[in-house]
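[1] how does the following fold in three dimensions:
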Amino acid sequence: MRAGSARVLIAASMLLVASCTSPSETSGQPASTTLSTEQGPGSNGSGTVSTISKTFQPVALAFWNADHGLVTGLMTCRGCERRSVGMVLTTRDGGKTWRVVFRGGTSAGDVTTLGPGEALARVGRRLLRASAGGRVWHALGRSKIGDPSFVDPLRGWAVRPSSLSGRLVATTDGGRTWRIQHEPCGPLAHFWGPDGWERTSVDYVTDVWFVTPERGWVLCGGDGAAGSAPVAVFETTDGGRTWAKREAAWDAEPGGLQFLPDGRGWRWPFDFGYVARSPDGGATWHRGGTFANGGPENSIWFVNADTGFALGKGDLWRSEDGGRTWRIVGSVSPT
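    Sure thing, here's the model as predicted:
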């Protein structure tokens, strides 16, 4: 499992949201997350009282630096004509406050940064590209990709579709088109499992992360049970033509991973409450800090070796020591 205030939505974005939002919803004004009571006529002409409850559920995050970042999420509404709408929010103060910069569709997916002020996000069935720190958005087309990772505004990798049948894909035109890539997932990985040393397939891509056009990592998973599964990390130094296994273990179900250019990296299981750290490109791992309320929910982003952010149970968490300890910054919701 990627900053600015709302100002302009170009024509493609307006067309996208028109089918799923009212005219007032496309204005870029923050959505309410409070309970409200509305008075309206009943079927017999008498007044009736209905309660409208709006709740924002963050899905994925990405940060340009320690202050500026984005979150995708879903605003659900009980008592509204439209029950849900996908959203993108931005922050300029490290996650203390958030503003809506895009609305559309009925779902939200992964987000990543492409370069200074640029980002890519999946909202509804559309892949969207942002510029000007998230203030301007335009649609690239329909896409089912997940977990995108870019080394520059044009070259990136992702998982398609974002599910247990996911395959590794890449783009050289900023996300407009994607091609299937050679991947390491599938071979039998040798590791210590519940029954001792064994060989088990890790046959689907969970996440991908590249730091240069040549160097990157893929996280693979296999069939498991009771919340655990075979997990393997592979590294390439030639742009994905060949891959080397860096880790294979029986662990909690795989979530995501991220690396820095110097080889320091992080790996986390899905919704299991801890982050593992690697100092050497994934060859060895050390379990880091845990989350008091069970997060993260499969979205973590480090802006450098010390500062990282994570989503957990609707809250934004922050680490200042490379993932060893975490604290809650606050809830993620439009203001």
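[2] measure residue 290 to residue 227 for me?
    16 Å (Cβ to Cβ, to the nearest Å). In short, each C-beta sits where N, CA and C put it, glycine included.
[3] quick one, domains of this protein?
    Domain segmentation of the chain under automatic domain parsing yields 1-28+52-143+299-335, 152-290.
[4] need those domains in TSV with mean neighbour count and mean pLDDT, can you?
    Below are these laid out as TSV (neighbours: other Cβ atoms under 10 Å; pLDDT from 0 to 100):
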stretch	mean neighbour count	mean pLDDT
domain 1-28+52-143+299-335	20	81
domain 152-290	18	89
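[5] and residue 193, how far is that from residue 202?
    Separation of residue 193 from residue 202 (Cβ to Cβ): 12 Å.
[6] now for the two: what residues contact both?
    residue 230 (Cβ atoms under 8 Å, 6 or more residues apart in numbering).
[7] looks to me like residue 133 is in a helix.
    Yes - secondary structure of residue 133 (DSSP: H, G, I helix; E, B strand; the rest coil): part of a helix.
[8] what residues are up against the closest residue to residue 302 other than its chain neighbours?
    Distances taken as Cβ to Cβ, 6 or more residues apart in numbering place residue 308 nearest to residue 302, at 3.8 Å, with adjacent residues excluded. By Cβ under 8 Å, 6+ apart, residue 308 lies in contact with 266, 300-302, 318-319, 322-323.
[9] kindly check the end-to-end length of stretch 175-186 for me.
    26 Å (Cα to Cα, to the nearest Å).
[10] ok, now stretch 120-128?
    Stretch 120-128 has an end-to-end distance of 6 Å (criterion: Cα to Cα).
[11] cool, and stretch 90-100?
    Per Cα to Cα, stretch 90-100 runs 7 Å from first to last residue.
[12] check stretch 300-309 too.
    Note: stretch 300-309 ends 6 Å apart using Cα to Cα.
[13] distance of residue 174 from residue 78?
    Residue 174 is 38 Å from residue 78, by Cβ to Cβ.
[14] after the helix or strand harbouring residue 245, which helix or strand is next?
    Under the criterion of DSSP states H and E, residue 245 resides in strand 244-252. Using DSSP H and E, the helix or strand that follows strand 244-252 towards the C-terminus is strand 254-259.
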